[in-house]
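*Asks:* Whatever this is, show me its structure:
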Amino acid sequence: MFYRDDRLALFIDGTNLYYSARALEFDIDYKALRSEFMRRGKLLRVYYYTALLEGEEYSPIRPLVDWLNYNGFTLVTKPAKEYTDSMGRRTIKGNMDIELAVDAMELAPRVDHIVLFSGDGDFRPLVEALQRKGVRVSVVSTIRSQPSMISDDLRRQADNFIELEELRDVIGRPPRPEGAED
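*Replies:* Predicted coordinates:
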């Protein structure tokens, strides 16, 4: 439930939202996403969290990060770490959970409602802590993908669960073919 005079903040787990939307076969229109939540309340801040590969000549996420940075989003990034596992497979790690949690707790006294775009169950204690501070928390993810992209514990803890599929007509656009340029 949103109230027009709510002071809102959005916290977007970039990787999690990307994979959730991809599982539902659409891309996110971030301009439309920001506009939708401006309509729902007094939007104070929109945070976007992602890890970036350093040393690569071109990163497919770089154009999105630059666009977000110039269009009212607060970008929180850190270098991704690259590992080679025992089978010789390249693995990239770039968890932003702690950064998101710290920012949410710091902003909590200044907001009425936080919208978390993630299904990661690691955020359940954060949602509980925000609620103890009197902040309502909505979680945006999906149960309509196979497998579901949201932890059952997180969904139960949230004050409100917003099914990403139901936002498709408002914040979605058809997916670009793999490798397509902007």
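*Asks:* can you pull the buried residues of the biggest strand by length in the chain?
*Replies:* Counting by DSSP state E, the longest strand found in the chain is strand 42-52. Within strand 42-52, the residues that count as buried by 16 or more other CB atoms under 10 Å are 42, 43, 45, 46, 47, 48, 49, 50, 51. To be clear about C-beta, it is placed using only N, CA and C from the backbone, and glycine gets the same treatment.
*Asks:* before we move on, what about stretch 156-172?
*Replies:* Buried-residue list, stretch 156-172, by 16+ other CB under 10 Å: 157, 158, 161, 162, 164, 165, 167, 171, 172.
*Asks:* What about these, which are in strands?
*Replies:* 161, 162, 172.
*Asks:* Closest one of those residues to residue 111?
*Replies:* Using CB to CB, residue 162 comes nearest to residue 111 of these, at 16.9 Å.
*Asks:* what's the nearest residue to the closest one if we skip its chain neighbours?
*Replies:* Ranked by CB to CB, 6 or more residues apart in numbering and with sequence neighbours excluded, the top spatial neighbour of residue 162 is residue 140, at 4.5 Å.
*Asks:* quick one: secondary structure of the one you found?
*Replies:* Following DSSP: H, G, I helix; E, B strand; the rest coil, the label given to residue 140 is strand.
*Asks:* try the one 10 residues further on
*Replies:* Taken by three-state DSSP, the conformation at residue 150 corresponds to coil.
*Asks:* who touches it in this structure?
*Replies:* Going by CB atoms under 8 Å, 6 or more residues apart in numbering, residue 150 touches 119, 139, 141, 142, 143, 161.
*Asks:* Now restrict those to buried residues only.
*Replies:* Buried, going by 16+ other CB under 10 Å: 119, 139, 141, 142, 161, out of those.
*Asks:* That's all I had, so thanks and see you.
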